[in-house]
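Enquirer: Compute the structure for the input listed below.
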Amino acid sequence: MNARLVALPASREQEEQVVLRLTGELDLDSEAVLAAAMTEVLESGRRWIVLDCSRLAFCDSRGMNALLGAQQRARASGGGIALAAVGGHVRHVLALTGMDQAVTTAASVDACFDLIAPSPAGTTPEQPDATA
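Expert: I've put the predicted structure just below:
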């Protein structure tokens, strides 16, 4: 099964925010799907992206690399990403690889936006550094 990404409006209804729902598997066969979705989202002006992982069943090293690439692209555009509702196998792989320390994660989409999106004063919360 390949990953499928569905772009959903962010619950906060703000123009620069978007939710991408990952389903299935994120691996060699599907990493290009995430890259294409990131390109489309960033080119539309949305910089704050939550990847809803509640339906993501599997992620291998290529998938982890795709997630890091997504984070780098969002940061380069002045935004950021976070992973919502990561569970089971994917949470285990994130912990084993240390990615749970490099990418912001939270239990829900709204909690992710609270962690990564700018506050009303225009400041951005501290985000983990992927190079650490």
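Enquirer: C-alpha from now on. contacts and neighbour counts both.
Expert: Noted.
Enquirer: Poorly predicted segments of this protein, please.
Expert: Along the chain, the parts satisfying pLDDT under 70 run over 1-13, 119-132.
Enquirer: if you set the cut-off to 50 instead, what comes out?
Expert: Across the chain, the ranges flagged by pLDDT under 50 are 1, 123-124, 127, 129-132.
Enquirer: Give me the residue at the spatial middle of it.
Expert: Leu51 (3.7 Å; Cα atoms, centre = their mean).
Enquirer: and it, helix, strand or coil?
Expert: State at Leu51, reduced to three classes by DSSP: H, G, I helix; E, B strand; the rest coil: strand.
Enquirer: Hmm, it is touching Leu20, no?
Expert: Yes - the criterion here is Cα atoms under 8 Å, and Leu51 meets it with Leu20 at 4.9 Å.
Enquirer: so who does the residue nearest to the centre of the chain touch?
Expert: Leu51 makes contact with 19-22, 81-84 under the criterion Cα atoms under 8 Å, 6 or more residues apart in numbering.
Enquirer: Show me what it bridges to in the sheet.
Expert: On the basis of DSSP bridges, Leu51 is bridged to Leu20, Leu83.
Enquirer: And it, how far from Thr105?
Expert: To Thr105, Leu51 is 9 Å away according to Cα to Cα, to the nearest Å.
Enquirer: anything in contact with each of the two?
Expert: 82-84.
Enquirer: Mind putting these into a markdown table with neighbour count?
Expert: A markdown table is the format used below for the shared contacts of Leu51 and Thr105 (neighbours: other Cα atoms under 10 Å):
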| residue | neighbour count |
| --- | --- |
| Ala82 | 27 |
| Leu83 | 26 |
| Ala84 | 24 |
